[in-house]
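Asks: structure, please.
(one chain, ligands or ions: 1)
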Amino acid sequence: MNPWKSVPHADYERHMSHETVGQLASLSDITHEKVQQIYPQTVVVYGACTGNGFAHFTDARTVYAVDLNPTYLAVCQERYDPILNELVLVQADINHDPVPIPPDSVDLIICHLFLEYVDLSHAFASFRQVLRPGGLLNVVLQRSNDTGWVSNTGVTTLRPVAAIATEVPDETLRQHAQPDFRFEGSQTFRMPNGKSLVSYDFVKQGETPSVDEEGADFEWPEW
Ligand SMILES: C[S@@+](CC[C@H](N)C(=O)[O-])C[C@H]1O[C@@H](n2cnc3c(N)ncnc32)[C@H](O)[C@@H]1O
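Replies: Predicted coordinates:
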């Protein structure tokens, strides 16, 4: 069984918002920045967990939350369904299951601290399928900087997930993104515990659609 199915959501949030970790707030800030960059109508969050950052999606038409843990998705729904236009829960293990989102339909993919736990080929195949040409893929990876994968916050239930985590080198990420995701830049955020978060932007290449679902003429915004 995937160890992420056994981590209680309250433990995960307690660990991630601990003063020495501070990652939940930083990840939410990065999501906010991406929303303000492109004002997406359709968003997918891979590894959505309990919905960190979802409060920034109130202007989007549809938000998909993808995660293998149904308990996390239930918490996400309880918290954010009331404030979002349409929240679609997708319980899927990206390594094995299809992700039932219409092809080329998504403006923004948020993928924060997810690639470290999954098969990169499966993840990128899904990104390629759902993101529209011109859409933005934002990936955040953790850099441990030799401090160990999980900081000591007193939360022990996260140890099994640390055992399956793999740090994804910059070069490996870029290889999986080629040839059709154009690298747009990265930003590094230093955390209080000595770790870093690195945020990468990629834009999917290809023909930009000029007609929207309803058939009306529609120009995708340049950004
Ligand atoms: C480190 S947490 C992500 C945190 C979240 N993005 C945030 O901003 O707080 C990783 C998430 O990925 C999910 N996950 C791990 N492996 C997965 C897989 N193979 N398929 C789908 N979800 C997975 C876990 O259940 C967990 O919610």
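Asks: who are the packing partners of the lengthiest strand in the chain?
Replies: Assignment by DSSP state E gives strand 131-143 as the longest strand of the chain. For strand 131-143, the packing partners by 3 or more C-beta pairs under 8 Å, 6 or more residues apart in numbering; DSSP states H and E come out as helix 23-38, strand 106-112, helix 170-177, strand 181-190, strand 196-204. C-beta here means a position set from N, CA and C on the backbone, and glycine is covered the same way.
Asks: is whatever helix or strand comes next after the first one positioned near the ligand?
Replies: Spelled out, it's helix 23-38. Later in the chain than helix 23-38, the nearest helix or strand by DSSP states H and E is strand 42-46. No. Strand 42-46 is not in contact with the ligand by C-beta under 6 Å from any ligand atom; minimum separation 6.7 Å.
Asks: the helix or strand following strand 42-46 versus strand 42-46: what angle between them?
Replies: The helix or strand immediately downstream of strand 42-46 is strand 62-67, counting by DSSP H and E. Between strand 62-67 and strand 42-46, the angle formed by their directions is 10 degrees, by axes from the mean of the first three to the mean of the last three C-alpha atoms, to 10 degrees.
Asks: let me know the angle separating strand 62-67 from strand 106-112.
Replies: Going by the same axes, to 10 degrees, strand 62-67 makes 30 degrees with strand 106-112.
Asks: what about stretch 77-94, how long is it end to end?
Replies: 20 Å (C-alpha to C-alpha, to the nearest Å).
Asks: of the helices and strands packed on strand 131-143, flag the one that's most buried.
Replies: Ranked by mean neighbour count, those are led by strand 106-112 with a mean of 24 (mean count of other C-beta atoms under 10 Å).
Asks: thinking again about what came up before, quick check: which of the helices and strands packed on strand 131-143 is nearest to Trp4?
Replies: Between Trp4 and the helices and strands packed on strand 131-143, the shortest gap by C-beta to C-beta is with strand 106-112, which sits at 14.3 Å.
Asks: now this structure against the ligand: closest residue?
Replies: Gly47 (2.9 Å; C-beta to the nearest ligand atom).
Asks: re earlier: buried set for the following helix or strand past the longest strand of the chain?
Replies: The helix or strand immediately downstream of strand 131-143 is helix 159-164, counting by DSSP H and E. Residues Val161 are the ones in helix 159-164 that count as buried (16 or more other C-beta atoms under 10 Å).
Asks: now helix 159-164: average pLDDT?
Replies: The pLDDT scores in helix 159-164 average 89.
Asks: how about that helix, does it reach the ligand?
Replies: No. Using C-beta under 6 Å from any ligand atom, helix 159-164 stays clear of the ligand, with a minimum separation of 7.6 Å.
Asks: chain center to that helix, what's the gap?
Replies: Its chain's C-alpha centre and that of helix 159-164 lie 19 Å apart, by C-alpha atoms, centre = their mean, to the nearest Å.
Asks: again, but for stretch 6-21
Replies: Remark: stretch 6-21 is offset 17 Å from the chain centroid, using C-alpha atoms, centre = their mean.
Asks: what does stretch 146-159 give?
Replies: Here stretch 146-159 is found 21 Å from its chain centre; the criterion is C-alpha atoms, centre = their mean.
Asks: surely Tyr12 and Gly47 touch.
Replies: No. Using C-beta atoms under 8 Å as the test, Tyr12 is too far from Gly47 to be in contact (11.2 Å).
Asks: the worst-scoring helix or strand of the chain on mean pLDDT vs helix 23-38, what angle?
Replies: Counting by mean pLDDT, DSSP states H and E, the chain has its least confident helix or strand at helix 9-16, which shows a mean of 87. Using the same axes, to 10 degrees, the inter-axis angle of helix 9-16 relative to helix 23-38 is 90 degrees.
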